[in-house]
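Colleague: sequence unknown, structure follows:
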């Protein structure tokens with residue numbers, strides 16, 4: 001687990017990278033409640049700049065409400081509008097909710113690997 005100082009440093013580094021590359025995360029905020037419930041965006045991660053990885057994470061209390069699908073679809077549409085031709089995503093094999101979100105927005109399984117944390121599935125979506 002990160003300390004507050006380490007987390008702040010990590011966020012500052014991500015902010016610099018986002019401004020340099022144009023890839024980064026945005027917070028997800030509900031309109032009516034005006035509360036922040038997660039993030040969604042693009043990163044190089046396990047992919048590349050030309051074919052970035054989409055990632056999202058929401059607070060557990062809002063799982064199952066469609067917010068991840070809505071946010072991921074908006075990021076996907078924006079990425080393709082800027083000329084990206086392919087996006088990737090990764091999810092642990094046990095993460096059924098993430099697979100549902102990704103399948104709803106057109107991702108398909110490509111391959112998987114096994115590491116020290118278990119099976120990691122790579123999914124892909126072409127424009």
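Modeller: Okay, I see it. Since the structure is predicted, the reported quantities are computational estimates derived from the model, not experimental observations.

Colleague: Dead centre of the protein: give me the residue that sits there.
Modeller: Computing the C-alpha centroid of the chain and ranking residues by C-alpha atoms, centre = their mean puts residue 55 first, at 0.7 Å.

Colleague: Specify the local secondary structure of it.
Modeller: When classified by DSSP: H, G, I helix; E, B strand; the rest coil, residue 55 comes out as strand.

Colleague: what ranges do the helices span in the protein?
Modeller: 4-21, 67-81, 96-104 (DSSP state H).

Colleague: that older thread, the residue nearest to the centre of the chain touches residue 24, doesn't it?
Modeller: No. Using C-beta atoms under 8 Å, residue 55 is not in contact with residue 24, being 10.5 Å away. (C-beta placed from N, C-alpha, C; glycine too.)

Colleague: Tell me who's in contact with the residue lying closest to residue 126 once chain neighbours are set aside.
Modeller: Closest residue to residue 126 apart from its sequence neighbours, by C-beta to C-beta, 6 or more residues apart in numbering: residue 86 at 5.2 Å. Going by C-beta atoms under 8 Å, 6 or more residues apart in numbering, residue 86 touches 51, 124, 125, 126, 127.

Colleague: quick one: buried residues of the lowest-mean-pLDDT helix or strand in the chain?
Modeller: Ranked by mean pLDDT, DSSP states H and E, the weakest helix or strand in the chain is helix 4-21, scoring a mean of 82. Buried residues in helix 4-21, counted by 16 or more other C-beta atoms under 10 Å: residue 18.
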